[in-house]
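Chemist: could you look at this predicted model? Sequence included:
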Amino acid sequence: MAAQLRIPHQLFDLSSASKPPKAFIESLRKLSTRRSNTLISWAYYNKLPHDALHIRGQINGVGKWHFARQLHFSEDIEIGARRMASLTKRAQKVDRELSDPFWDLGEEGFQEYIDTTQLRSIPAGYRMTDMFIWEHRVGNWNHPHIVESDVTFDTYQLYGSRRMIRLMLSVPEIDRVQLSLFREIINCGEPSLLEYPLNGHTWAPPRYDRPLSSYQRGKTAVELELEQLKKEKAALTEELTKLRSLTKTGSSD
């Protein structure tokens, strides 16, 4: 992709990168209470020109129906404090039922967050999952990523404005879940980039013959029944193949 567009592309091997000095880490800590990756930040500082312009696009998750897609299709999309705790990046690595006491402390923290920010007092038309990514992921997670590069050069967030976020949230959910918004942005800017897969997936045109819930986790009773029928069919086919093989052997004898 970089070669096609004649864009200089440089990789940093962080496994062998030098560690940043203590004073540099302290400077980052003063700029953000939550740190991102100090190794990347130090690599930027040492290896890239300080008069460069850095453009980032992390807030685009707002336009992807991000948290709603992680829910089971039978769940209430207007999530509460306990479910919020289980949707954070670190929590996704925890294999525990939501009823487990493990989530009590997280629920307490997010309930305080909801009460303090009055998160429930949202305008009509906004999903709680959308507000969660806007207020929590964009507000809390995005900031240290800006800081890690902003100490070296000017860093700008493509989608970092209230107007852009509102525009992304105005796109129909069935299009957001299929990344149709970003497909159209790429198509308007540089259509040839759609030939490159994204995280192993091709940029397929949007389709509107499936319900929104089918993009969420879980399977319906009909889907489970069809899977069982396919397994039974495969088992019968295997048995039939064996019987035919035995019949042919018996005939040759």
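Modeler: It's in. Numbers count the residues shown, from 1 in each chain.

Chemist: okay, now Glu238: neighbour count?
Modeler: 10 (other Cβ atoms under 10 Å). For every residue, glycine as well, the C-beta is placed using N, CA and C.

Chemist: in a helix, it, correct?
Modeler: Yes - when DSSP: H, G, I helix; E, B strand; the rest coil is applied, Glu238 is found to be in a helix.

Chemist: local confidence estimate at it?
Modeler: The confidence metric pLDDT takes the value 87 at Glu238.

Chemist: same thing with Trp203?
Modeler: Here the pLDDT value assigned to Trp203 is 89.

Chemist: same deal with Thr249?
Modeler: Confidence at Thr249, expressed as pLDDT, is 64.

Chemist: how about Leu224?
Modeler: Value for Leu224, per-residue pLDDT: 71.

Chemist: in what helix or strand does it lie?
Modeler: Using DSSP states H and E, the secondary-structure element containing Leu224 is helix 221-252.

Chemist: avg pLDDT for the strand or helix carrying Ile186?
Modeler: If you go by DSSP H and E, Ile186 is part of helix 180-189. pLDDT averaged over helix 180-189 equals 92, rounded to a whole number.

Chemist: wait, what's in contact with the residue most central in space within the chain?
Modeler: Among the residues of the chain, the smallest C-alpha distance to the mean C-alpha position (Cα atoms, centre = their mean) belongs to His66, namely 5.7 Å. Shown here is His66, whose contacts under the criterion Cβ atoms under 8 Å, 6 or more residues apart in numbering are 129, 133, 137.

Chemist: please report which of the residues you listed has the highest neighbour count.
Modeler: Compared across the contacts of His66, Ile133 has the highest neighbour count, 24 neighbours, by other Cβ under 10 Å.

Chemist: these two touch, right, that one and Trp65?
Modeler: No - Ile133 lies out of contact with Trp65 (Cβ atoms under 8 Å); the separation is 9.4 Å.

Chemist: skipping its backbone neighbours, what lies nearest Leu193 in space?
Modeler: Computed as Cβ to Cβ, 6 or more residues apart in numbering, the closest residue to Leu193 that is not its neighbour in sequence is Ile186, at 5.1 Å.

Chemist: next, the contact list for that neighbour, please.
Modeler: 193-194, 203.

Chemist: most neighbours out of these, which is it?
Modeler: Each of the contacts of Ile186 was scored by neighbours using other Cβ under 10 Å; the highest score is Trp203's, at 18 neighbours.

Chemist: tell me the contacts of that one?
Modeler: Trp203 sits next to 179, 183, 186, 194, 197 when contact means Cβ under 8 Å, 6+ apart.

Chemist: mind putting those into TSV with distance to Arg82?
Modeler: Written out in TSV, the entries for the contacts of Trp203 read as follows (distance: Cβ to Cβ, whole Å):
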residue	distance to Arg82
Leu179	29
Arg183	35
Ile186	37
Leu194	40
Pro197	36
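
Chemist: so where's the stretch 101-250 of the chain uncertain?
Modeler: Low-confidence segments of the stretch 101-250 of the chain, defined by pLDDT under 70: 121-124, 220-222, 248-250.

Chemist: measure the residue nearest to Leu193 to Leu105 for me?
Modeler: Using Cβ to Cβ, to the nearest Å, Ile186 is found at 42 Å from Leu105.

Chemist: ok, now Glu195?
Modeler: Taking Cβ to Cβ as the measure, Glu195 falls 47 Å from Leu105.

Chemist: element containing the closest residue to Ala85 other than its chain neighbours?
Modeler: In space, not counting the residues next to it along the chain, Ala85 is nearest to Gly106; the distance is 2.9 Å by Cβ to Cβ, 6+ apart. Per DSSP H and E: Gly106 is located in helix 104-117.
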